[in-house]
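Enquirer: got a sequence here, can you model it:
(2 chains)
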There are 2 protein chains.
Amino acid sequence: MKNTKIDFVVSHINEQIKTRSLTTGSRLPSVRALAKTLNLSISTIVEAYERLAAKGMIESKTGSGFFVSAPLAPLSISEIHPKIIDRTIDPLWISRQSLEAQHNVLKPGCGWLPDDWMPHENIRKAIRTVSKTHANILTDYSTPLGLKSLRELISRRILNKGIEALPEQILLTDSGTQAIDLICRYFLKPNDVVLVDDPCYFNFHALLKVHQIQIIGIPYTQTGPDLDAFAEAIQTHNPRLYITNSGIHNPTGAVLTPTTAYQVLKLVENSNLIVIEDDIFADLELNPAPRLATLDGLSRVIQIGSFSKTLSGSVRTGYIASKSEWINDLTDIKIATSFGGNHLSAEILYIALTDGSYRKYLEELKIRLAKAMDFTIKNLEKLGIQPWLKPQAGIFLWCELDKHLDSSHIAQKCLEQGVILAPGNAFSQSQQYQNFIRFNVAQCQNPKIFEVLSHAIKHEIEQYPL
Amino acid sequence: MKNTKIDFVVSHINEQIKTRSLTTGSRLPSVRALAKTLNLSISTIVEAYERLAAKGMIESKTGSGFFVSAPLAPLSISEIHPKIIDRTIDPLWISRQSLEAQHNVLKPGCGWLPDDWMPHENIRKAIRTVSKTHANILTDYSTPLGLKSLRELISRRILNKGIEALPEQILLTDSGTQAIDLICRYFLKPNDVVLVDDPCYFNFHALLKVHQIQIIGIPYTQTGPDLDAFAEAIQTHNPRLYITNSGIHNPTGAVLTPTTAYQVLKLVENSNLIVIEDDIFADLELNPAPRLATLDGLSRVIQIGSFSKTLSGSVRTGYIASKSEWINDLTDIKIATSFGGNHLSAEILYIALTDGSYRKYLEELKIRLAKAMDFTIKNLEKLGIQPWLKPQAGIFLWCELDKHLDSSHIAQKCLEQGVILAPGNAFSQSQQYQNFIRFNVAQCQNPKIFEVLSHAIKHEIEQYPL
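Expert: Now for the predicted structure:
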């Protein structure tokens, strides 16, 4: 009889663990409390708990009672975040979808090269080299500015674009994104106004949202920001920062012309604006375009960059190049908010960048990208999709669909079929790019993408006929 | 005759480079403009520029003109930041001094182990292993939460302290500091009130200053925060966060007792407080102390940690363990402000932590620290300096000097002699710890430290006699 009662308690607890009313590590009711609840004797509960413990389902911790120890199958991300797939398209939508994608998902919407396009052997060799390096690089904190040899290399690299910055004017960061974040923390207070290109890299919106500031989008033309809109925004809003890509613009693939760059700087000179120039696609250019920082001489322009697009998104290091006065304060903010930089990553990237194979890889990559660009353009043309501009280089193709089509509907539809797109309005403050999509040509090698896209467009037309 | 003119132009430009009127990378005047300025022929200028280019002083870039390429001696840090050594002692003083110290500087004030105490061979082996790993770990972005195997390991590690968090409740960050920063960004708005221990880890002050919030210090006793002051602060200020170390407290070396922990949580339950429990010294404990997160079950307590104190300050990865509801939003903030985590570092740390040698190293480290603790106490006693408390474990010794002595004067004096101290008020909101110093016992092995300290104290007594 007593056995039946004990069995009852055991299966009662088992059921609670199975249904996750009691989760791993959670405390079981005290023996006394459960006895009262179930109207059973204390000795019955004690015996039931002992049996569960013997089976390894629960464990006793001295003085703290019994805890569930049964190893549960880990919950999958989709159980924890059931809404990820249904998430409304916001500035973080593409990042989250792309970063969380399973291996069989196609990612024409993501912002980086396919894994098998990356220079693994170069990185592997650099890691092997670093495993034999000085002990302090393996375990000691980095200096506040970061690894000197990498800062010297960056100084030489940006000098090739005509930007003069001594190694002491360069601050290493954990990523290009962190570089922008530190600058925002330094210059912005809530409710300040920041100018971005419209369209621009969607994460600028996500980042600025964290800073609780007001964003003004400046229409981006095929030669750079619209100068009239830029002038008017300065006049009307007294903005504090302008964040832009020069070199190859994300998402449009356009290149800032020297004429526009000069006009932008003239407008900046008569304002309170500081310009953050994000030069993340520098190494993909065929013919280096002028940089705002080149013309300005790092007076009002701060340049940031990283190596995540052409070397590794895993071994992360970015940088800030700015006038000396600002570097010391930015370093204080870096230490306060992340303490040290990743010393080992900086060393690995330094070795990889100075290896002769990097230049060779880049040459081949540019050719490969040009071919992928042609392939993507041809396949999109078959679907009646035209590029807004045929980029000179880079990975992005900014495409305009029929103006009645809503690319966020199409993106949701494609996601159901395992294809992640980058719908236009994710890049836009004005939300005027509903019928645009950004394609990463390096991620567009699988014909399935165009099939799925074609079906999604047809579906959209059927759902919302003119 | 023409040669003289060319020589004149060459030395004119040389002089401008030497005096840095033209700095590395800056553009020379156009040939036409300089000819006009100097009233010389264009061919003279062209020839002068060609000669300078042949010497490697300047270089021609197609279509852009000539640029200065002469390598200048890089400015040293002291030229850029002449004030570092004179910097007023603020919450970042110790960090900056310690991180920027040359190799011959002694650092009893710094917060980490000497480089030669760190487990180099363990890290070296992990790096060698990782160089042979899957390509995607070398070059691809990490998933938003970070490397799953490391999250599973952290889940098991903290379960040993009675803290239940599924791997999906753990978010990897670039550092413990970044973990706290993300939580602050999530919960705080400017002018919110945050409680810290008084004294506490100085970087909490530096970090909170970036968030522009109000800091209230709660006196820290030998058993945890002063409960009356804690209760009153809740009543008076309606604080949003309480940031603390449990396990081994920085700087005091005290350990939160279960009784105090329970009382703290009772006060927290009747407030709007969220607690950030920084568990960075967990692996140095001899007998694990209770964690607030253990008692609370990650309801109001968020635990953060990292591996920088016992594995590597170079290969950086921290973590947040919290209830599921918060993890998704914290992940969004992480992506917006730093995009991905360092995938490679997470993999290296995972390999190093799961290597059998790590546990052996920890055992030896604890013995070594206990000996260093005794050595430091004995040497300080000779100078009449007493520890506020003899810690059970860890690296810190919080010491009280004669109450008339100002430890920031002493720290400045010692810095001139190449010894970096951690003066008490750098840890204190109330600035009541003027006569305290924190010693890192692992960094106190060199007798020179006690000599320099002794002289600095004598100097202070002479300068400011009673």
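
Enquirer: what residues does the stretch 251-400 of chain A have near chain B?
Expert: A:297, A:308, A:311-316, A:324, A:327-328, A:331-333, A:335-345, A:348 (Cβ under 8 Å from any Cβ of the partner chain). To be clear about C-beta, it is placed using only N, CA and C from the backbone, and glycine gets the same treatment.

Enquirer: filter those down to the buried ones, PyMOL style.
Expert: For the buried members of those, the matching PyMOL selection, counting by 16 or more other Cβ atoms under 10 Å in any protein chain shown, is:
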select buried, chain A and resi 297+308+311+312+313+314+315+316+327+328+331+332+333+335+336+337+338+339+340+341+342+343+344+345+348
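
Enquirer: filter the residues of the stretch 251-400 of chain A next to chain B down to just the ones in helices.
Expert: The helices, defined by DSSP state H, take in A:324, A:327-328, A:331-333, A:335-338, A:343-345, A:348 from those.

Enquirer: now render those residues as CSV, adding pLDDT.
Expert: Shown next, in CSV, are those (pLDDT from 0 to 100):
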residue, pLDDT
A:324, 93
A:327, 96
A:328, 92
A:331, 95
A:332, 93
A:333, 95
A:335, 95
A:336, 94
A:337, 95
A:338, 93
A:343, 94
A:344, 96
A:345, 96
A:348, 96
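
Enquirer: can you list the domains in chain A?
Expert: A:2-68, A:78-117+A:359-463, A:120-356 (automatic domain parsing).

Enquirer: now the strands for chain A?
Expert: A:58-61, A:65-68, A:170-173, A:193-198, A:214-221, A:224-225, A:241-245, A:274-278, A:301-306, A:318-321, A:386-387, A:396-400, A:422-423, A:436-440 (DSSP state E).

Enquirer: quick one: which of those is nearest residue A:371?
Expert: Set against residue A:371 and scored by Cβ to Cβ, those come closest in strand A:396-400, at 13.2 Å.

Enquirer: from the contact counts, what lies against that closest one?
Expert: Applying 3 or more Cβ pairs under 8 Å, 6 or more residues apart in numbering or on different chains; DSSP states H and E, we find strand A:396-400 packed against helix A:357-382, strand A:386-387, strand A:436-440.

Enquirer: out of these, deepest packed?
Expert: strand A:436-440 (a mean of 27; mean count of other Cβ atoms under 10 Å in any protein chain shown).

Enquirer: is that strand up against chain B anywhere?
Expert: No. Residues of strand A:436-440 are not located near chain B by Cβ under 8 Å from any Cβ, the shortest gap being 13.4 Å.

Enquirer: mind checking how far that strand is from the chain centre?
Expert: 16 Å (Cα atoms, centre = their mean, to the nearest Å).

Enquirer: likewise stretch A:159-173?
Expert: For stretch A:159-173, the distance to the chain centre is 24 Å (Cα atoms, centre = their mean).

Enquirer: dump it to PDB, keeping only the CA atoms.
Expert: Output of stretch A:159-173 as PDB, limited to C-alpha atoms (Å, rounded to 0.1, in the frame of the first residue of the first chain):
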ATOM      1  CA  LEU A 159      47.700  56.200 -46.000                       C
ATOM      2  CA  ASN A 160      47.300  54.500 -49.300                       C
ATOM      3  CA  LYS A 161      43.900  56.200 -49.500                       C
ATOM      4  CA  GLY A 162      45.500  59.500 -48.600                       C
ATOM      5  CA  ILE A 163      44.400  59.500 -45.000                       C
ATOM      6  CA  GLU A 164      47.100  60.500 -42.600                       C
ATOM      7  CA  ALA A 165      46.800  59.000 -39.100                       C
ATOM      8  CA  LEU A 166      49.700  58.100 -36.900                       C
ATOM      9  CA  PRO A 167      49.500  54.800 -35.100                       C
ATOM     10  CA  GLU A 168      48.700  56.800 -31.900                       C
ATOM     11  CA  GLN A 169      45.600  58.200 -33.600                       C
ATOM     12  CA  ILE A 170      44.200  54.700 -34.200                       C
ATOM     13  CA  LEU A 171      42.200  52.900 -31.600                       C
ATOM     14  CA  LEU A 172      41.400  49.200 -32.000                       C
ATOM     15  CA  THR A 173      37.900  48.100 -31.100                       C
END
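
Enquirer: the residue of the stretch 1-150 of chain A found nearest chain B: how many residues sit nearby?
Expert: Nearest residue of the stretch 1-150 of chain A to chain B (Cβ to the nearest Cβ) works out as residue A:25 at 2.4 Å. For residue A:25, the neighbour count with other Cβ atoms under 10 Å in any protein chain shown is 20.

Enquirer: find the nearest non-adjacent residue to it, please.
Expert: Sequence neighbours aside, residue B:164 is the residue nearest to residue A:25 in space, at 2.4 Å (criterion: Cβ to Cβ, 6 or more residues apart in numbering or on different chains).
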